[in-house]
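1. here you go, sequence then predicted model.
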Amino acid sequence: MQNLEELYQLVLQRKDTPKEGSYTDYLFKKGLDKILKKVGEETTEVIVASKNPDKSELVYETADLLYHLMVLLVEQGVPFEEIKIELAKREGLMSKAQDRPEIQDL
Ligand SMILES: N=c1c2ncn([C@@H]3O[C@H](COP(=O)(O)OP(=O)(O)OP(=O)(O)O)[C@@H](O)[C@H]3O)c2ncn1[C@@H]1O[C@H](COP(=O)(O)O)[C@@H](O)[C@H]1O
């Protein structure tokens, strides 16, 4: 059982201590362009999987995308804590659709 923060920490560990044969290590060695390409590919796969009535593919592709996003955050030196802080700042703020005329017609 692994949550997103634990996955981030594992990816960070791979960056600090490269491991032979590790896919994460392979991505870091290839560099930012490769990581961005993977994030783009996995995003597209999530979109395509969303159209499939069998939601297991969406679950699978979402996990792939989240992993590659963790690799991107580590590569760019963004601590996971910053994502948590950003999400916490939004808590209770963005659900007030009645206060936001621009989204009332959606
Ligand atoms: N969550 C993941 C995870 N999700 C997806 N992937 C890899 O992402 C790749 C995506 O598959 P693709 O077919 O798109 O890519 P590919 O053809 O294998 O390779 P490229 O296109 O990138 O050249 C696969 O090789 C998967 O194994 C992951 N690799 C690792 N993790 C986690 O990272 C941990 C450390 O992994 P290693 O770094 O490999 O030890 C693992 O224990 C997992 O928890």
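-> That came through fine.

2. I'd say His68 and Gly40 touch.
-> No: applying Cβ atoms under 8 Å as the test, His68 and Gly40 come out as separate, 9.2 Å apart. From N, CA and C alone the C-beta is placed, and that goes for glycine too.

3. who has more neighbours, the two?
-> Legend: neighbour count by other Cβ atoms under 10 Å for His68 and Gly40, higher for His68 (22 against 11).

4. which helix or strand contains the more buried one?
-> Per DSSP states H and E: His68 is located in helix 56-75.

5. now that helix - C-alpha only, CSV.
-> Extracted in CSV, the C-alpha atoms of helix 56-75 (Å, rounded to 0.1, in the frame of the first residue of the first chain):
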residue,chain,number,x,y,z
SER,A,56,-10.2,0.0,-14.7
GLU,A,57,-8.2,1.4,-17.6
LEU,A,58,-8.8,4.9,-16.3
VAL,A,59,-7.6,3.8,-12.9
TYR,A,60,-4.5,2.3,-14.4
GLU,A,61,-3.6,5.3,-16.6
THR,A,62,-4.3,7.7,-13.7
ALA,A,63,-1.7,5.8,-11.6
ASP,A,64,0.8,6.0,-14.5
LEU,A,65,0.2,9.8,-14.8
LEU,A,66,0.5,10.4,-11.1
TYR,A,67,3.8,8.5,-11.0
HIS,A,68,5.2,10.6,-13.9
LEU,A,69,4.0,13.8,-12.3
MET,A,70,5.9,12.8,-9.1
VAL,A,71,9.0,12.3,-11.3
LEU,A,72,8.5,15.8,-12.8
LEU,A,73,8.1,17.4,-9.4
VAL,A,74,11.3,15.8,-8.2
GLU,A,75,13.2,16.7,-11.4
